[in-house]
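**Q** Provide a 3D model corresponding to the input given below.
(one chain, ligands or ions: 2)
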Amino acid sequence: MAEERLPVIINESLCKACGYCVEVCPKNVLEMVEALDVWMGAMAKVVRPENCNRCKMCEIICPDFAIDVAERGVEITFTDSQGKVVTKTK
Ligand code: SF4
Ligand code: SF4
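**A** Ligands and ions are numbered 1, 2, ... in the order given. Below is the predicted model of the structure:
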């Protein structure tokens, strides 16, 4: 049975809003968004999860270990940017 999770998860309590993950992502999955409740005033967000190819570049570059990418081959189910529930293994 597929695990319910996004292909890429950002731990918002660890994110320092450097933007490196947004710059490195080859699939335009992530964006910096305004977040007035944190002192940096911004936060990385997963906005197009269906585009993620699980390359882990974002996870590797994040200096604050704030990103967790699902392993390739593991079946997951999540809601995409269009509100559709999808199941994927990569
Ligand atoms: S690289 Fe890490 S700390 Fe920097 S914006 Fe992305 S999630 Fe936040
Ligand atoms: S794993 Fe790769 S494709 Fe997915 S969000 Fe990170 S950098 Fe982008």
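**Q** can you get me a residue count around the closest residue in space to residue 87 that isn't next to it in sequence?
**A** Nearest residue to residue 87 in three dimensions, chain neighbours excluded: residue 77, at 4.5 Å (C-beta to C-beta, 6 or more residues apart in numbering). Using the backbone N, CA and C atoms, a C-beta is placed for each residue, glycine as well. By other C-beta atoms under 10 Å, 14 other residues sit near residue 77.
**Q** next up, the contacts around residue 77.
**A** Contact analysis of residue 77 by C-beta atoms under 8 Å, 6 or more residues apart in numbering lists 2, 3, 4, 85, 86, 87, 88.
**Q** touching, the first one and residue 78? I think so.
**A** It stands for residue 2. No. Counting by C-beta atoms under 8 Å, residue 2 stays clear of residue 78, with 9.1 Å between them.
**Q** next to ligand 2, which bits of the chain? Give me the list.
**A** Residues of the chain found near ligand 2, taking C-beta under 6 Å from any ligand atom as the criterion, are 8, 24-27, 29-30, 52-58, 69.
**Q** list only buried entries from these.
**A** 8, 25, 27, 29, 30, 52, 54, 55, 56, 57, 58, 69 (16 or more other C-beta atoms under 10 Å).
**Q** any idea what the first one is bridged to?
**A** What it means is residue 8. Under DSSP bridges, the beta-bridge partners of residue 8 are residue 69.
**Q** surely it meets residue 46?
**A** Yes. Counting by C-beta under 8 Å, residue 8 does reach residue 46; the two are 5.5 Å apart.
**Q** now do the shared contacts for those two.
**A** Shared contacts of residue 8 and residue 46 (C-beta under 8 Å, 6+ apart): 29, 30, 52.
**Q** distance to residue 42 added to the residues you listed, as CSV?
**A** Shown next, in CSV, are the shared contacts of residue 8 and residue 46 (distance: C-beta to C-beta, whole Å):
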residue, distance to residue 42
29, 17
30, 12
52, 21
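**Q** and those residues as a markdown table, adding distance to residue 73, pLDDT and secondary structure?
**A** Formatted as a markdown table, those follow (distance: C-beta to C-beta, whole Å; pLDDT from 0 to 100; DSSP: H, G, I helix; E, B strand; the rest coil):
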| residue | distance to residue 73 | pLDDT | secondary structure |
| --- | --- | --- | --- |
| 29 | 19 | 98 | coil |
| 30 | 22 | 98 | strand |
| 52 | 14 | 98 | coil |
